[in-house]
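Undergrad: Give me a 3D structure for the following:
(chains A and B)
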Amino acid sequence: MILDRVLAFAGVDPQQWRALVRTSLSTLWRNPASVRGIRGGRSSRAVSLLLILMFYLVLGMVFSVIAWRGIDPAQTLSLILLPTSFFIASFVLLEFGATIISPDDFAILSVHPITSRTYFAARMTLVILLTLLIAGVLNIPSCIAVAFRRGFLQSGTWLFASACNALATGMGMVLLYTAALRAIPYRRLKTIIGYLQMSMSFLIYGGFGILSTQMTGLIAGTAGRAPWWWDFLPPVWFSSFSALAEGEWTAGHLLLAGCGLVLAGALIPAAASKFSLTYAESIARAASAESPRRTHSRRRRAVSLLKRSEDRAIALLVARQFRYDLKFKLTVLSIIPLTALYIYQGLQGTTGFLDPFQRSMDFKAMAGSSLLYIAIILFPGILKDEIGSSDNFQAAWVFFATPADRVELVLSVKRVLTAYFLVPYLLLLGFVFYYFFRSFLHVVMHEVVILLASQVLFQGMFFISPRLPFSSPRGVGERVTLATFLVILGPVMLLVMLVIFSRYFYTGPVPYATGVVLLLLLAMLVERLLRIRVAKKVGGLEFTG
Amino acid sequence: MIRAEGLTKRFPGKEAVRGLSFTAEKGEIVGFLGPNGAGKSTTVKMLTGMIQPSAGSAVVAGFDIVRQPVEVKKRIGYVPESGALFETLTGAEYIRFIADLHHMNRGVAERRAEEFFDLFGILAEKDQRLQEYSKGMKQKVLIAAALIHDPEVLFLDEPINGLDVNSALVFKEILKRLSAGGKTMLFCSHILDVVEKICPRIIIINEGSIIAEGTPAQIAATTGEKSLEEAFCRLTGVRDARDSAQEFLEALGR
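TA: Okay, here's the model as predicted:
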């Protein structure tokens, strides 16, 4: 009742506001109504959201350990708020971009008597709820830890700083997103959205490398002074609240805290102006604007390299999806700068790649170059997951109504990715290796091992999650969790395999041949197990949509 | 060519199809009618091997739908009600994609596709993405995809949806000739006059069970109605249209 009066006083229709918020929230939690699609298939959107939140909670617990152990409260808080901002930005805008921008809203709502103010209030509520939810899960464990370590004043300050940081990040990203969109003619807006999403996914995958390097140094206390750009980061401004609560009323902290307050105060009303039905109209036009284009069969020759008809069909779909599905295309393209970044990071501060046949690989020697090996798994892994879903997922009925072998269709994705993505990437890597090894034979021998090892891990990815191509709707939060899995688990396993191989099988021609045969046998065994698993997993699927 | 015996499908909390038994002989076009939610699409999905029956059996083109689903799928064509297509493909690419899924010879598939596109008047648009097609053009591609491998049995779920008058006429003529050539067809539609013209025999289902079967005239005669439309309304429990409209308008006034 009080809420209704407040809303009515602000010129917002409480009934409409409630209906809009309820609908938006249920849209987030439920699968789309049309996703009756494949029975026995994937878990619901609500389950994946809960998994994401659990993942964030685990991160929040890690942050609470940092909060407990940190010496300088302001610097510790900034260490926690930086990744929090990063996660809010990526989660809200990458995964919920459509929810915030809502290109469908105009078509659905414009015929109804909803005022821009009510629409704005509902959208704003949603963004605030989402950002505070993520910030809460990530930061509340740290606030609790600080309450025990430093008292309730610090804990309350951390909570306030977290809320300000979350809202400023959310609103700031909405502004950034919409400012770019407003500046561009609406025919190109869709492309821009895609490029923004690519930048975001680039930040997610690339950010792990950059952030982890900075954080490790700062936590270990080896970083000394923070880098010069540190004070330009808004989360650091909000962290200054903590220094003030500690009694450190220095000019620097006052200035930074002031910047934080001004930023939070300015961003909210600025972002608010973007939530209107008029704006939704321009986005709706962008979403529906298409220019007719003819296609040419340039890829036909490449596609015909594949002998199996299932492989050809999937290769054709992947090629067309790459060409015309902007989200898919940009995911693939985002890997290029990412690879460049990983190569750059991988070569920083090391002597480059050591020839594993001259000297055994060990974790210490590989520490620098490991990022380059990470990309081997990251690259096809991202694609594998991306190929599982599509906005056009309902067309997957053809896989159920034609005599195509569904197991082969799943495995076709693996073969297509190996042929057109993994092998070319390894060729590129071969040039890098040759630059350092100066031995063509060693490069080839090492690459054979990498190919086989990465095949086994690639098979493992399909084993964990076998999916028919382009057959499920794009999920929520998947990219964030997938990135974590791929960045942490897959590459570690690859590095372990390579280190073991280098130590025990790179010692002579016979051990090498033995090792390669063993790897080959392992790949064949895993392939057999994979077939059984895929048959079990996709054999029982039904298309009921 | 289609023989269903006690075909049943249960979903959690609902029995969509209840012990359906019927046959469609070689060269026969059988109309499959029923109100929304009667179980028509579920029956077709079972017969096409897309979903498994909970009970009962069916033989399509001489093969058991449960034990030999792949053999069944090799011999059937299906035009789905949903009309979903991989829209990043062009019309020509989609047909090639379907031909690959049927393990067809590329040359034969492309020649047939050209003929279909020409027949339906979309030859000039065959290299445009399906995203840019109108609903009717997409429907034509779906029909071409269902026929490309020259199937023995056709399952057509609202195939005329979205087709322009000329294309619908051509399509109906194609169906008649395919039938004369020995193809079996199960034709699901809500458009009763089309069904009446194309299908010599009709099956009406309601709430998952067959409630009438025969020629349109036989069904009308059995119910004592003058037309198939009136017989359908009587059989499926639809109230008098004038009474329903009156009640609706009164409810609006309350």
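Undergrad: low-confidence ranges in chain B?
TA: B:238-241 (pLDDT under 70).
Undergrad: Chain A contacts on that one?
TA: Contacts of chain B with chain A, taken as Cβ under 8 Å from any Cβ of the partner chain, map to B:11, B:42, B:45, B:48-52, B:70-71, B:73-74, B:76, B:78, B:80, B:82, B:84-90, B:93, B:96-98, B:100-104, B:127-129, B:131-132, B:145. (Each C-beta comes from the backbone N, C-alpha and C, glycine too.)
Undergrad: Can you flag which of the residues you listed belong to strands?
TA: Of the positions in the residues of chain B next to chain A, B:11, B:76, B:78 sit in strands, assigned by DSSP state E.
Undergrad: From residue B:51, how far off is the first one?
TA: Relative to residue B:51, residue B:11 is positioned 10 Å away (Cβ to Cβ, to the nearest Å).
Undergrad: The last one now?
TA: When distances are taken as Cβ to Cβ, residue B:78 and residue B:51 turn out to be 13 Å apart.
Undergrad: Could you do residue A:444 as well?
TA: Distance from residue A:444 to residue B:51, counting by Cβ to Cβ: 50 Å.
Undergrad: Just confirm yes or no for the helix or strand containing residue A:310 near chain B.
TA: Using DSSP states H and E, residue A:310 maps to helix A:309-324. Yes. With Cβ under 8 Å from any Cβ as the measure, helix A:309-324 is seen reaching chain B through A:309, A:310, A:312, A:313, A:316, A:317, A:320, A:321, A:323, A:324.
Undergrad: What's the mean pLDDT across that helix?
TA: Throughout helix A:309-324, pLDDT has a mean value of 83.
Undergrad: go on, stretch A:72-79?
TA: Stretch A:72-79 comes out at a mean pLDDT of 86.
Undergrad: thinking again about what came up before, quick one: which of residue A:444 and residue B:51 has more around it?
TA: The neighbour comparison of residue A:444 against residue B:51 (other Cβ atoms under 10 Å in any protein chain shown) goes to residue B:51, with 22 against 12.
Undergrad: partner residues bridging the residue in the stretch 151-254 of chain B positioned nearest to chain A?
TA: Residue of the stretch 151-254 of chain B nearest chain A, by Cβ to the nearest Cβ: residue B:155 (8.5 Å). Beta-bridge pairing for residue B:155 (DSSP bridges): residue B:78, residue B:186.
Undergrad: tell me what the longest helix along chain B is packed against?
TA: Longest helix in chain B by number of residues (criterion: DSSP state H): helix B:165-180. Helices and strands touching helix B:165-180, by 3 or more Cβ pairs under 8 Å, 6 or more residues apart in numbering or on different chains; DSSP states H and E, are strand B:29-33, helix B:135-147, strand B:153-157, strand B:184-188, helix B:192-198.
Undergrad: Let's have the ones you listed in a markdown table, adding mean neighbour count.
TA: Listed next are the helices and strands packed on helix B:165-180 as a markdown table, based on neighbours: other Cβ atoms under 10 Å in any protein chain shown:
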| stretch | mean neighbour count |
| --- | --- |
| strand B:29-33 | 24 |
| helix B:135-147 | 22 |
| strand B:153-157 | 24 |
| strand B:184-188 | 25 |
| helix B:192-198 | 17 |
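Undergrad: what's the burial count for residue 5?
TA: Just going to use chain A. Residues within reach of residue A:5, counting by other Cβ under 10 Å, total 10.
Undergrad: you looked at the wrong chain, it should be chain B
TA: Neighbour count of residue B:5, defined by other Cβ under 10 Å: 14.
Undergrad: ok but it is inside a helix, no?
TA: No. Using DSSP: H, G, I helix; E, B strand; the rest coil, the assignment for residue B:5 is strand, not a helix.
Undergrad: That one bridge partners, please.
TA: Taking DSSP bridges as the rule, residue B:5 bridges to residue B:57.
Undergrad: Could you measure from the residue of the stretch 101-250 of chain B found nearest chain A over to residue A:537?
TA: The nearest approach of the stretch 101-250 of chain B to chain A comes at residue B:101, 4.0 Å away (Cβ to the nearest Cβ). Look at residue B:101 and residue A:537: by Cβ to Cβ, they are 20 Å apart.
Undergrad: Between the two, which is the more surrounded one?
TA: A side-by-side neighbour count of residue B:101 and residue A:537, using other Cβ under 10 Å, places residue B:101 first with 24 against 20.
Undergrad: quick one: the strand or helix carrying residue A:513 near chain B?
TA: Per DSSP H and E: residue A:513 is located in helix A:509-539. No. On the criterion Cβ under 8 Å from any Cβ, helix A:509-539 is out of touch with chain B, staying 10.4 Å away.
Undergrad: Remind me what that helix packs against, helices and strands.
TA: Packing partners of helix A:509-539 (3+ Cβ pairs under 8 Å, 6+ apart): helix A:406-417, helix A:440-464, helix A:478-505.
Undergrad: Out of these, the one nearest residue B:214 is which?
TA: Residue B:214 lies closest, by Cβ to Cβ, to one member of the helices and strands packed on helix A:509-539: helix A:406-417, at 39.0 Å.
Undergrad: about what we covered before: isn't the residue of the stretch 101-250 of chain B closest to chain A right up against residue A:313?
TA: Yes. The pair residue B:101 / residue A:313 is scored as a contact, 5.4 Å apart, by Cβ atoms under 8 Å.
Undergrad: who touches both of those two?
TA: Common neighbours of residue B:101 and residue A:313 (criterion: Cβ atoms under 8 Å, 6 or more residues apart in numbering or on different chains): residue A:404.
Undergrad: quick one: which of the residues of chain B next to chain A sit in helices?
TA: With helices taken from DSSP H, the overlap with those comprises B:42, B:45, B:70-71, B:73-74, B:93, B:96-98, B:100-101, B:145.
Undergrad: out of those residues, which one sits closest to residue A:262?
TA: Nearest to residue A:262 among these, with distances taken as Cβ to Cβ, is residue B:93, at 54.8 Å.
Undergrad: correct me, but the closest one touches residue A:315?
TA: No. Counting by Cβ under 8 Å, residue B:93 does not reach residue A:315; the two are 11.4 Å apart.
Undergrad: circling back to that earlier point, just name whatever secondary elements the helix holding residue A:310 is in contact with.
TA: By 3+ Cβ pairs under 8 Å, 6+ apart, helix A:309-324 packs against helix A:300-303, helix A:326-347, helix A:406-417, helix B:91-101.
Undergrad: need the least confident one among those, by mean pLDDT.
TA: helix A:300-303 (a mean of 48).
Undergrad: want to throw the ones in strands among the residues of chain B next to chain A into TSV with distance to residue A:524 and neighbour count?
TA: What follows is these, written out as TSV (distance: Cβ to Cβ, whole Å; neighbours: other Cβ atoms under 10 Å in any protein chain shown):
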residue	distance to residue A:524	neighbour count
B:11	41	14
B:76	36	28
B:78	37	27
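Undergrad: quick one: the longest helix of chain B to strand B:153-157, angle?
TA: Put simply, helix B:165-180 runs at 150 degrees to strand B:153-157, going by axes from the mean of the first three to the mean of the last three Cα atoms, to 10 degrees.
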